[in-house]
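Coordinates for the following, if possible.
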Amino acid sequence: MPETSKPIPVLTPALAPFFEAARRGVLVVQKCDSCGRFRFPPRGLCPDCLATAASWAPVSGRGEVFSYNVMHQVYHPGFAAEVPYAVAVIQLEEGARMVSNVVGVKPHELRCGMPVEVVFDKLSDEITLPRFRPRAERP
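Okay, the predicted model is just below:
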């Protein structure tokens, strides 16, 4: 049986700055030019003040697991070898939330509130994905 590759994100103009920064190992999200709220994915309006002007800003890459779901069913053949795996919502320290994966920990060991930090996974010359790994809590 032939191996099926995983789907990769499509590089759209709206996400081009995000993927360009990720290729350099920098995590960026949109920041409202009016009120300063960080947001992801990019949107045309700030959800707080409704301003339309925003810039891409680097963030720390630190945060915590806000929520997660452990996938036991194969929804795409490219992920069959990884079942079970977790899809997590990461709350960044700056406030934005991202959907990603947490690597370096078994899916059933994830916990809400677990501190994480970004790592980058190069999928192709154009696409590098931010993923997260557990980090030690600092006293």
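
Which residues are in contact with Gly44?
Contact analysis of Gly44 by CB atoms under 8 Å, 6 or more residues apart in numbering lists Thr52. Placement of C-beta: from N, CA and C, glycine included.

So that it lines up with my notes, have the first residue be 52 from now on.
Sounds good: first residue 52 from here, last item Gly95.

For the protein, which segments are assigned as strands?
79-83, 89-90, 105-109, 113-122, 136-143, 148-151, 166-173, 179-185 (DSSP state E).

Just the buried residues of stretch 91-106, please?
Going by neighbour count (16 or more other CB atoms under 10 Å), the buried part of stretch 91-106 is Phe91, Cys97, Ala105.

Now those in TSV, please, with extra columns for pLDDT and distance to Phe70.
Putting the buried residues of stretch 91-106 into TSV (pLDDT from 0 to 100; distance: CB to CB, whole Å) gives the following:
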residue	pLDDT	distance to Phe70
Phe91	96	13
Cys97	96	22
Ala105	97	17
